[in-house]
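Below are the sequence and a predicted model for it; my questions follow.
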Amino acid sequence: MLRYVTTNPGKVREARARLPAVEQLDFDYPEQQHPDLDPIAAAGARAAYRHADAPVLVDDAGLFVDGFDGFPGPYSSFVEQTVGVAAVGRLCARELDDLDAAFRCVLGYCDGEALDAPRVDAGGDDDPPVALFEGRVAGHVVPPRGDGGFGYDPIFETDGATYAEMTPDEKNERSHRGRALDAFADWHEG
Ligand code: IMP
(Lines give C-alpha, C1' and ligand atoms only; values in the text may rest on other atoms or scores of the structure.)
Protein backbone atom coordinates (compact mmCIF):
# COMPACT_ATOMS: atom_id res chain seq x y z
CA MET A 1 0.00 0.00 0.00
CA LEU A 2 1.26 3.44 -0.90
CA ARG A 3 -0.02 6.56 0.84
CA TYR A 4 -0.90 9.46 -1.48
CA VAL A 5 -0.68 12.38 0.87
CA THR A 6 -3.12 15.16 0.03
CA THR A 7 -6.28 16.82 1.24
CA ASN A 8 -7.55 16.88 -2.38
CA PRO A 9 -9.77 13.88 -3.29
CA GLY A 10 -9.61 14.88 -6.99
CA LYS A 11 -5.88 14.13 -7.07
CA VAL A 12 -6.43 10.75 -5.40
CA ARG A 13 -9.12 9.71 -7.90
CA GLU A 14 -6.68 10.38 -10.72
CA ALA A 15 -3.79 8.64 -8.95
CA ARG A 16 -5.84 5.51 -8.25
CA ALA A 17 -6.79 5.16 -11.89
CA ARG A 18 -3.07 4.69 -12.62
CA LEU A 19 -1.90 3.12 -9.34
CA PRO A 20 -4.73 1.05 -7.80
CA ALA A 21 -2.65 0.34 -4.65
CA VAL A 22 -2.75 3.99 -3.64
CA GLU A 23 -4.64 5.07 -0.51
CA GLN A 24 -5.31 8.67 0.44
CA LEU A 25 -3.60 9.93 3.59
CA ASP A 26 -5.50 13.12 4.38
CA PHE A 27 -2.62 15.04 5.97
CA ASP A 28 -2.17 18.75 5.39
CA TYR A 29 1.64 18.98 5.44
CA PRO A 30 3.02 22.54 5.65
CA GLU A 31 3.60 23.69 2.06
CA GLN A 32 6.82 25.66 1.54
CA GLN A 33 6.66 28.76 -0.61
CA HIS A 34 9.27 28.48 -3.36
CA PRO A 35 9.41 29.63 -7.01
CA ASP A 36 10.00 26.01 -8.14
CA LEU A 37 7.81 22.93 -7.56
CA ASP A 38 10.69 20.51 -6.84
CA PRO A 39 11.71 21.81 -3.39
CA ILE A 40 8.05 22.09 -2.40
CA ALA A 41 7.40 18.46 -3.32
CA ALA A 42 10.64 17.32 -1.62
CA ALA A 43 9.89 19.15 1.65
CA GLY A 44 6.28 17.92 1.56
CA ALA A 45 7.36 14.30 1.01
CA ARG A 46 9.78 14.48 3.96
CA ALA A 47 7.16 16.00 6.26
CA ALA A 48 4.59 13.41 5.16
CA TYR A 49 7.06 10.53 5.59
CA ARG A 50 7.90 11.69 9.13
CA HIS A 51 4.18 11.90 9.89
CA ALA A 52 3.24 8.52 8.37
CA ASP A 53 6.45 6.58 9.12
CA ALA A 54 5.68 4.65 5.92
CA PRO A 55 6.30 5.15 2.17
CA VAL A 56 4.53 8.24 0.83
CA LEU A 57 3.88 10.08 -2.42
CA VAL A 58 3.07 13.79 -2.44
CA ASP A 59 1.83 15.71 -5.46
CA ASP A 60 2.55 19.37 -6.07
CA ALA A 61 1.00 20.93 -9.15
CA GLY A 62 0.39 24.32 -10.72
CA LEU A 63 -0.68 26.28 -13.78
CA PHE A 64 2.24 28.18 -15.36
CA VAL A 65 1.10 31.00 -17.66
CA ASP A 66 3.86 31.93 -20.14
CA GLY A 67 2.88 35.61 -20.44
CA PHE A 68 3.06 36.02 -16.65
CA ASP A 69 6.51 34.35 -16.39
CA GLY A 70 4.91 31.23 -14.98
CA PHE A 71 2.52 32.85 -12.51
CA PRO A 72 0.54 31.50 -10.65
CA GLY A 73 2.76 28.36 -10.85
CA PRO A 74 3.72 27.24 -7.33
CA TYR A 75 1.29 29.81 -5.93
CA SER A 76 -1.69 28.27 -7.79
CA SER A 77 -3.34 26.98 -4.63
CA PHE A 78 -3.15 30.34 -2.82
CA VAL A 79 -4.41 32.15 -5.94
CA GLU A 80 -7.33 29.72 -6.36
CA GLN A 81 -8.32 30.23 -2.71
CA THR A 82 -8.03 34.01 -2.87
CA VAL A 83 -9.03 35.42 -6.29
CA GLY A 84 -10.43 32.20 -7.77
CA VAL A 85 -9.94 30.31 -11.02
CA ALA A 86 -12.42 32.34 -13.11
CA ALA A 87 -10.63 35.58 -12.17
CA VAL A 88 -7.29 34.09 -13.30
CA GLY A 89 -8.93 33.33 -16.66
CA ARG A 90 -10.29 36.89 -16.96
CA LEU A 91 -6.94 38.42 -15.95
CA CYS A 92 -5.12 36.39 -18.62
CA ALA A 93 -7.68 37.31 -21.30
CA ARG A 94 -7.50 41.02 -20.42
CA GLU A 95 -3.73 41.38 -20.04
CA LEU A 96 -2.25 38.91 -22.50
CA ASP A 97 -2.25 38.40 -26.28
CA ASP A 98 -0.53 35.04 -25.91
CA LEU A 99 -2.53 32.70 -23.68
CA ASP A 100 -0.06 29.80 -23.80
CA ALA A 101 0.39 27.99 -20.51
CA ALA A 102 1.53 24.68 -19.09
CA PHE A 103 0.25 22.50 -16.28
CA ARG A 104 2.98 20.82 -14.26
CA CYS A 105 2.93 18.16 -11.57
CA VAL A 106 5.88 17.01 -9.46
CA LEU A 107 5.51 13.82 -7.43
CA GLY A 108 7.80 13.34 -4.43
CA TYR A 109 8.39 9.77 -3.16
CA CYS A 110 10.01 9.05 0.19
CA ASP A 111 10.36 5.74 2.05
CA GLY A 112 13.19 6.66 4.41
CA GLU A 113 15.79 4.68 2.40
CA ALA A 114 18.46 5.64 -0.13
CA LEU A 115 16.83 5.88 -3.57
CA ASP A 116 18.23 4.97 -6.97
CA ALA A 117 16.09 7.21 -9.18
CA PRO A 118 16.83 9.61 -12.07
CA ARG A 119 16.16 12.70 -9.91
CA VAL A 120 16.74 12.64 -6.17
CA ASP A 121 16.65 15.56 -3.72
CA ALA A 122 19.19 14.50 -1.10
CA GLY A 123 18.20 17.12 1.48
CA GLY A 124 20.36 17.86 4.53
CA ASP A 125 22.41 15.52 6.74
CA ASP A 126 19.46 14.25 8.78
CA ASP A 127 16.96 14.17 5.92
CA PRO A 128 15.68 11.12 4.06
CA PRO A 129 16.15 11.46 0.27
CA VAL A 130 13.16 12.14 -1.98
CA ALA A 131 12.78 10.89 -5.58
CA LEU A 132 11.08 13.39 -7.91
CA PHE A 133 8.98 12.65 -11.01
CA GLU A 134 7.54 15.35 -13.26
CA GLY A 135 4.73 15.56 -15.80
CA ARG A 136 4.14 18.61 -17.97
CA VAL A 137 1.46 19.42 -20.54
CA ALA A 138 1.33 22.45 -22.83
CA GLY A 139 -1.97 24.18 -23.54
CA HIS A 140 -3.59 27.56 -23.09
CA VAL A 141 -5.91 29.50 -20.86
CA VAL A 142 -9.51 29.83 -22.10
CA PRO A 143 -12.84 31.09 -20.69
CA PRO A 144 -14.27 28.38 -18.38
CA ARG A 145 -15.80 25.33 -20.13
CA GLY A 146 -16.92 21.96 -18.76
CA ASP A 147 -18.20 20.53 -15.49
CA GLY A 148 -15.67 17.80 -14.68
CA GLY A 149 -12.48 17.74 -12.68
CA PHE A 150 -11.42 20.30 -10.12
CA GLY A 151 -9.34 23.44 -9.64
CA TYR A 152 -8.16 25.07 -12.86
CA ASP A 153 -9.59 22.29 -15.09
CA PRO A 154 -12.31 24.52 -16.69
CA ILE A 155 -9.81 27.17 -17.90
CA PHE A 156 -6.96 24.93 -19.16
CA GLU A 157 -7.37 23.66 -22.71
CA THR A 158 -5.16 21.12 -24.43
CA ASP A 159 -5.88 19.11 -27.62
CA GLY A 160 -9.02 21.23 -28.25
CA ALA A 161 -10.78 20.47 -24.95
CA THR A 162 -10.50 21.77 -21.42
CA TYR A 163 -9.57 19.26 -18.73
CA ALA A 164 -13.08 19.84 -17.33
CA GLU A 165 -14.62 18.69 -20.64
CA MET A 166 -12.68 15.42 -20.61
CA THR A 167 -13.73 12.18 -18.96
CA PRO A 168 -11.45 11.18 -16.08
CA ASP A 169 -9.77 8.63 -18.38
CA GLU A 170 -9.22 11.21 -21.13
CA LYS A 171 -7.70 13.66 -18.64
CA ASN A 172 -5.46 10.97 -17.12
CA GLU A 173 -4.23 9.81 -20.53
CA ARG A 174 -2.72 13.19 -21.36
CA SER A 175 -2.53 15.20 -18.14
CA HIS A 176 0.47 16.51 -16.22
CA ARG A 177 -0.51 14.21 -13.33
CA GLY A 178 -0.99 11.18 -15.61
CA ARG A 179 2.48 11.71 -17.06
CA ALA A 180 4.09 12.15 -13.65
CA LEU A 181 2.30 9.00 -12.42
CA ASP A 182 3.55 7.08 -15.47
CA ALA A 183 7.13 8.15 -14.73
CA PHE A 184 6.78 7.15 -11.08
CA ALA A 185 5.08 3.82 -11.88
CA ASP A 186 7.74 2.90 -14.48
CA TRP A 187 10.43 3.45 -11.85
CA HIS A 188 8.56 1.92 -8.90
CA GLU A 189 7.30 -1.15 -10.74
CA GLY A 190 10.44 -1.58 -12.86
P1 IMP B 1 -1.41 21.83 -4.90
O2 IMP B 1 -0.59 20.93 -5.75
O3 IMP B 1 -2.30 21.07 -3.97
O4 IMP B 1 -0.59 22.90 -4.23
O5 IMP B 1 -2.43 22.54 -5.88
C6 IMP B 1 -2.07 23.65 -6.64
C7 IMP B 1 -3.28 24.27 -7.26
O8 IMP B 1 -3.45 23.69 -8.53
C9 IMP B 1 -4.61 24.11 -6.52
O10 IMP B 1 -5.31 25.31 -6.71
C11 IMP B 1 -5.28 22.95 -7.23
O12 IMP B 1 -6.69 23.06 -7.22
C13 IMP B 1 -4.74 23.13 -8.63
N14 IMP B 1 -4.58 21.86 -9.32
C15 IMP B 1 -3.75 20.84 -8.99
N16 IMP B 1 -3.88 19.84 -9.88
C17 IMP B 1 -4.81 20.25 -10.76
C18 IMP B 1 -5.39 19.63 -11.90
O19 IMP B 1 -5.10 18.48 -12.28
N20 IMP B 1 -6.30 20.36 -12.56
C21 IMP B 1 -6.67 21.62 -12.18
N22 IMP B 1 -6.19 22.22 -11.12
C23 IMP B 1 -5.25 21.53 -10.42
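Arrived safely. Numbers count the residues shown, from 1 in each chain.

can you tell me how far the residue in the chain that the ligand sits nearest to sits from residue 88?
Of all residues in the chain, residue 151 sits closest to the ligand, at 2.5 Å by C-beta to the nearest ligand atom. The C-beta positions use only the backbone N, C-alpha and C, and glycine is treated the same way. Note on residue 151: its distance to residue 88, by C-beta to C-beta, to the nearest Å, is 11 Å.

quick revisit: these two touch, right, the residue of the chain closest to the ligand and residue 85?
Yes - assessed by C-beta atoms under 8 Å, residue 151 is found in contact with residue 85 at 6.7 Å.

The helix or strand containing residue 186 - contacts with which helices or strands?
Residue 186 is located in helix 176-189, with elements delineated by DSSP states H and E. Applying 3 or more C-beta pairs under 8 Å, 6 or more residues apart in numbering; DSSP states H and E, one finds that helix 176-189 makes contact with helix 9-18, strand 56-65, strand 100-110, strand 130-141, helix 168-174.

Quick one: the ones you listed as TSV, columns for distance to the ligand too.
Below are the helices and strands packed on helix 176-189 laid out as TSV (distance: least, C-beta to the nearest ligand atom, whole Å):
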stretch	distance to the ligand
helix 9-18	6
strand 56-65	4
strand 100-110	6
strand 130-141	10
helix 168-174	7
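
Identify, out of these, the most deeply packed stretch.
When you average the neighbours per residue for each of those (mean count of other C-beta atoms under 10 Å), strand 56-65 leads with a mean of 26.

Give me the angle between it and strand 130-141.
30 degrees (axes from the mean of the first three to the mean of the last three C-alpha atoms, to 10 degrees).

which other helices and strands contact strand 56-65?
Using 3+ C-beta pairs under 8 Å, 6+ apart, strand 56-65 sits against strand 2-5, helix 9-18, helix 37-52, helix 76-82, strand 100-110, helix 176-189.

could you redo the ones you listed as a markdown table and give each row mean pLDDT?
As requested, those are exported to a markdown table (pLDDT from 0 to 100):
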| stretch | mean pLDDT |
| --- | --- |
| strand 2-5 | 95 |
| helix 9-18 | 93 |
| helix 37-52 | 97 |
| helix 76-82 | 96 |
| strand 100-110 | 98 |
| helix 176-189 | 96 |
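
would you turn those into a markdown table with distance to residue 133?
Listed next are the helices and strands packed on strand 56-65 as a markdown table, based on distance: least, C-beta to C-beta, whole Å:
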| stretch | distance to residue 133 |
| --- | --- |
| strand 2-5 | 13 |
| helix 9-18 | 12 |
| helix 37-52 | 9 |
| helix 76-82 | 19 |
| strand 100-110 | 5 |
| helix 176-189 | 4 |
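
Identify whichever of those lies nearest to residue 67.
strand 100-110 (7.3 Å; C-beta to C-beta).
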